[in-house]
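pasted the sequence and its predicted model underneath.
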Amino acid sequence: MTQPKTDPRVLRTRKLIMDSFIKLSEGKEFKDITIKDITTEATINRATFYYHFEDIYDLLEKVLSEVLLVNFDYNIYQHDELNEEVFTSIFKAITNFQKSLSNRCHRGYEDTIARIIREQLEIIFYKMLLKQSATEEVEALKITAVMLSWGIYGASVEWRRNSKIPPEEFIKLVIPSIMYGIDSRSKN
């Protein structure tokens, strides 16, 4: 059984709406962008907007998720296993994503951005852990993915606040603990 194909016109309209939102966000803060602004920029009517998105917050979430996945270059991560290179690439993608958003989104939306980043990381880590550890209990892998996603996100926030070194160097300081556990630090 094959899945039905999505109409290319629907995909183009959805992309047009998202691109219009991104363009508007370059000149305005999120809180100042209205549905009317988006529909005018995209040259569509309100009903078309609401066919694709519930509201402006739904649009924000979808745009952030897609931009984040592009930053993650998701195709690479669905085939790799967790190693130093993958952790470094993911960390760099998160820090680049956060830097690109810092001027666009009002501080009040940091929780939404943080949630989206953690959710995407959790999915990526879980899929990679499943491939690496097919024999382990699924629930343990889910919890591990949650811990990794919160930890990597938390490290990115700390890097953004205080670090004067590049993200690659910052994350390499903790990769041994991530990869081999806390005991690996005391044995070195």
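Now that the structure is in, tell me what you want to look at.

show me which positions of the lengthiest helix in the chain end up buried.
What stands out as the longest helix in the chain, according to DSSP state H, is helix 138-162. Using 16 or more other C-beta atoms under 10 Å as the test for burial, helix 138-162 gives 141, 144-146, 148-149, 151-153, 155-156, 159. C-betas here are computed from N, CA, C, even on glycine.

can you name every helix or strand that that helix contacts?
helix 84-102, helix 110-132, helix 167-172 (3 or more C-beta pairs under 8 Å, 6 or more residues apart in numbering; DSSP states H and E).

got a list of contacts for the first one?
It refers to helix 84-102. 64, 67-68, 71-73, 76-77, 80, 113, 117, 121, 124, 128, 152-153, 155-156, 159-160, 167-168, 170-172, 175, 178-179 (C-beta atoms under 8 Å, 6 or more residues apart in numbering).

buried among these? Make that a PyMOL selection.
Typed into PyMOL, the line below selects the buried ones among the contacts of helix 84-102, using 16+ other C-beta under 10 Å:
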select buried, resi 64+67+68+71+72+77+113+117+121+124+128+152+153+155+156+159+167+170+171+178
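
show the low-confidence segments of the chain, by residue range.
For the chain, applying pLDDT under 70 flags the ranges 1-5, 74-80, 101-109, 134, 183-188.

identify the farthest-apart pair in the buried residues of helix 138-162.
141 and 159 (26.4 Å; C-beta to C-beta).

mind giving me the domain ranges of this protein?
8-53, 60-187 (automatic domain parsing).

tell me the phi and psi of the closest residue to residue 37 other than its chain neighbours?
Ranked by C-beta to C-beta, 6 or more residues apart in numbering and with sequence neighbours excluded, the top spatial neighbour of residue 37 is residue 24, at 5.6 Å. Main-chain dihedrals, residue 24, degrees, to the nearest 10: phi -60, psi -40.

would you agree residue 24 is in contact with residue 41?
Yes: under the criterion of C-beta atoms under 8 Å, residue 24 makes contact with residue 41 at 5.9 Å.

looking at those two, which is more packed in?
Between residue 24 and residue 41, counting by other C-beta atoms under 10 Å, residue 24 is the more crowded of the two (19 against 16).

contacts only, for the more buried one.
Taking C-beta under 8 Å, 6+ apart as the test, what residue 24 contacts is 33, 37-38, 41.

neighbour-wise, which of those residues leads?
Result: residue 38 is most packed of the contacts of residue 24 (other C-beta under 10 Å), 22 neighbours.
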